[in-house]
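*Asks:* coordinates for the following, if possible.
(2 chains)
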Amino acid sequence: DTEVTQTPKHLVMGMTNKKSLKCEQHMGHRAMYWYKQKAKKPPELMFVYSYEKLSINESVPSRFSPECPNSSLLNLHLHALQPEDSALYLCASSQDWFGTGNQPQHFGDGTRLSIL
Amino acid sequence: DAKTTQPTSMDCAEGRAANLPCNHSTISGNEYVYWYRQIHSQGPQYIIHGLKNNETNEMASLIITEDRKSSTLILPHATLRDTAVYYCIVRVRQGGSEKLVFGKGTKLTVNP
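*Replies:* Take a look at the predicted model:
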């Protein structure tokens, strides 16, 4: 069982749709992350939030817009996605931002996104 | 780029110990080694991490060489449910920030 909860588990959307992915953790962690994982590839970091502020943006296209409304929630807003954006989107959290400590990240089971 | 290299795949008999090697020859003195695994259709699961000393928890043991250039993850009694991709990870410093960079990992298959 994972302590990081992601919804929805599956999402199919058209290229003109707007949708959001949600991530929630109640472990008191102050750092949260979004990763993208293509089939048969390792996860790749997209964004890092530390204390609800965006700390790292790995040059992600603006059609992906992250939001951290509070310390327990992380959203990823999607708009005008391309078919190549189809992937597993993973959320993770850690006690603090990885750059300042050694605490491990804990991952959710992801949202499998398909763009038609 | 990932700072670790691992074999692409390994096989292990059920009930036997699985020893997964990892090379991290460019690791810095204060960088930890982390191990995660990913079972199909699930998110990566944290297993263990260490700096210099060997570590053990309820899931596995981590043996780090004295020069810290390599490590081995040991699953003492592998079960079929341990079949997964195992990632050995060292933090990467890029552009003034630090982050986890996953390498390609080792696909471990536990056979009955």
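*Asks:* kindly report the residues of chain A close to chain B.
*Replies:* Applying C-beta under 8 Å from any C-beta of the partner chain, we find that chain A lies next to chain B at A:2, A:4, A:42-45, A:48, A:55-56, A:90, A:92, A:98-99, A:102, A:104-110. C-beta: built from backbone N, CA, C; applies to glycine.
*Asks:* among these, which ones are in helices?
*Replies:* Using DSSP state H, no member of these falls in helices.
*Asks:* which ones among these lie within strands?
*Replies:* Secondary structure from DSSP state E places A:4, A:44-45, A:48, A:55-56, A:90, A:92, A:106-107 of the residues of chain A next to chain B in strands.
*Asks:* quick check: closest non-adjacent residue to A:N57.
*Replies:* Closest residue to A:N57 apart from its sequence neighbours, by C-beta to C-beta, 6 or more residues apart in numbering or on different chains: A:F47 at 5.7 Å.
*Asks:* that neighbour against A:S59, yeah?
*Replies:* No - when contacts are counted by C-beta atoms under 8 Å, A:F47 is not listed as touching A:S59 (10.6 Å).
*Asks:* quick one: which of these two has more around it?
*Replies:* Shown here are A:F47 and A:S59; by other C-beta atoms under 10 Å in any protein chain shown, A:F47 has more neighbours (23 against 5).
*Asks:* what residues are up against that one?
*Replies:* A:33-34, A:54, A:56-58, A:60, A:66, A:76 (C-beta atoms under 8 Å, 6 or more residues apart in numbering or on different chains).
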